[in-house]
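> the sequence and its predicted three-dimensional model are supplied below.
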Amino acid sequence: MSYSTADSFPSVTLDDVRGAQKMLTGVARVTAMEGSRYLTQLVGAPVHFKCENLQRTGSFKLRGAYVRIAGLLPEERAAGVVAASAGNHAQGVALASALLGVRSTVFMPTGAPLPKVAATRDYGAEVRLHGQVVDETLAAAQEYAAETGAVFIHPFDHPDIIAGQGTVGLEILEQCPEVRTIVVGIGGGGLAAGVALAVKSLRPDVRIVGVQAEGAAAYPPSLAAGRPVSIENPATMADGIKVGRPGDVPFRLVEELVDEVRTVSEDNLSSALLLCLERAKLVVEPAGASPVAALLREPGAFEGPVVALLSGGNVDPLLMQRILRHGMAAGGRYLAVTLRLTDRPGALATLLGVLSVADANVLDVSHVRTDPRLGLTEVEVELHLETKGPEHCAEVNLALREAGYTVID
């Protein structure tokens, strides 16, 4: 690696990324590039998915973890490695360590999804559950490294990690040489930095667009300040990009090479995940769907051909269930209404008849008779309905009004 005299942070070069690509031959898959007809029509130009959700361990993280651990000295390997992660980095470190014959310990939050904990153990790591949030888990892992001499494998703030992630960019150029825009999610910045370095070194005309969740967007204020700054209490369903502070090493590359950083809402993320599942038949986690969310939010802002990098597919089934319902609501496919009826026999059946004629599928009914807000002869009914889109939602509401019902906000 070369070193910058300006800020003393190690830099990464195209040769580093090419070296990482050779190292990963036979280890990481060259993941598929799939076209999206729906997004192509929406954007008005070809849109392709780079499917790192189909990578070994379910995300791009194996690439950087393997390159980082493979580069350790023999005495460092003998001491073992330690990492902290809620899921994807944990699995990448666990598998990379197993492939290289290195002992690994991974600290995960106590609330980490059970499938991710089980997968990390299955790949051969010793899992230790510690802390409620990733910051506490990270501190425990670093303390363990100081006590035992194990090498701490950072999820994004190291040149080897960035070089490994940059191999995704080389594959994109090989698979879609006509690409004009690459859209990539950003958490700490390792993936975006690596992809931008690889692509801009060979094709400076390609536009790189980073995407962050609105509730965990540390890069916009950091870029404005010209240095990494922290945000308090990052909050988003996209745990893969929920990072409160950019890494020092990737920040310099993102600042120099990424053309734009956009933000997306939770509604955008859930709608994107639903689109990937329904239209592309791809299971993608919220962080992995963030590039799709950006395309859905403002499709006219991207010059094609566009490659949306689906960075991961490790999503807990229970979270998936909640996100899909949220995505259906955001897309006008799910409607919740509350109204009051006269408490008499047949009133609920009459209401359900109105909804049946309106072709709304009733998913759940909550019937409340005892509430101080209600009159003596009133009952409150909350209905969760499956609908066919925003126009159908409007039709259902109109049918209720025409039948004499008042919807309560």
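It's in.
> the helices in the stretch 251-400 of the chain, which residues?
All helices of the stretch 251-400 of the chain, identified by DSSP state H, counting those that start in this stretch, fall at 266-279, 290-297, 317-330, 347-357, 390-402.
> then the first one to CSV, C-alphas only?
Spelled out, that is helix 266-279. Output of helix 266-279 as CSV, limited to C-alpha atoms (Å, rounded to 0.1, in the frame of the first residue of the first chain):
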residue,chain,number,x,y,z
GLU,A,266,-37.6,4.0,5.2
ASP,A,267,-40.6,3.9,2.8
ASN,A,268,-38.2,4.0,-0.1
LEU,A,269,-36.2,1.1,1.3
SER,A,270,-39.2,-1.1,2.0
SER,A,271,-40.7,-0.5,-1.4
ALA,A,272,-37.3,-1.4,-3.0
LEU,A,273,-37.1,-4.6,-1.1
LEU,A,274,-40.6,-5.5,-2.1
LEU,A,275,-39.8,-4.7,-5.8
CYS,A,276,-36.6,-6.9,-5.7
LEU,A,277,-38.7,-9.8,-4.3
GLU,A,278,-41.7,-9.5,-6.5
ARG,A,279,-40.2,-8.3,-9.8
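> which neighbouring elements make contact with it?
helix 37-43, helix 290-297, helix 317-330 (3 or more C-beta pairs under 8 Å, 6 or more residues apart in numbering; DSSP states H and E). Where C-beta positions appear, they are placed from N, C-alpha and C, glycine not excepted.
> turn those into JSON lines, including mean pLDDT and distance to Leu310.
Output for the helices and strands packed on helix 266-279, formatted as JSON lines (pLDDT from 0 to 100; distance: least, C-beta to C-beta, whole Å):
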{"stretch": "helix 37-43", "mean pLDDT": "96", "distance to Leu310": "12"}
{"stretch": "helix 290-297", "mean pLDDT": "97", "distance to Leu310": "7"}
{"stretch": "helix 317-330", "mean pLDDT": "76", "distance to Leu310": "15"}
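> if you compare these, which one is most tucked away?
Most buried of these, by mean neighbour count (mean count of other C-beta atoms under 10 Å): helix 290-297, with a mean of 27.
> pull the CA atoms of that one into PDB?
C-alpha atoms of helix 290-297 as PDB (Å, rounded to 0.1, in the frame of the first residue of the first chain):
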ATOM      1  CA  SER A 290     -30.800   1.000  -1.000                       C
ATOM      2  CA  PRO A 291     -29.600   1.600  -4.600                       C
ATOM      3  CA  VAL A 292     -33.000   0.400  -5.900                       C
ATOM      4  CA  ALA A 293     -34.600   2.800  -3.400                       C
ATOM      5  CA  ALA A 294     -32.700   5.700  -4.900                       C
ATOM      6  CA  LEU A 295     -33.800   4.800  -8.400                       C
ATOM      7  CA  LEU A 296     -37.400   4.500  -7.200                       C
ATOM      8  CA  ARG A 297     -37.200   7.900  -5.400                       C
END
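> please begin residue numbering at 20 from this point
All set: I'll call the first residue 20, so the last point we hit is now helix 309-316.
> pull the residues that contact that helix.
If you take C-beta atoms under 8 Å, 6 or more residues apart in numbering as the criterion, helix 309-316 is touched by 58, 61-62, 66, 68, 202-204, 228, 230-232, 257, 260, 281, 283-284, 287-288, 290-291, 294-295, 303, 321, 325, 327-329.
> buried ones among these?
Buried members of the contacts of helix 309-316, scored by 16 or more other C-beta atoms under 10 Å, are 58, 62, 66, 68, 202-204, 228, 230-232, 257, 260, 281, 283, 287-288, 290-291, 294-295, 303, 321, 325, 327-329.
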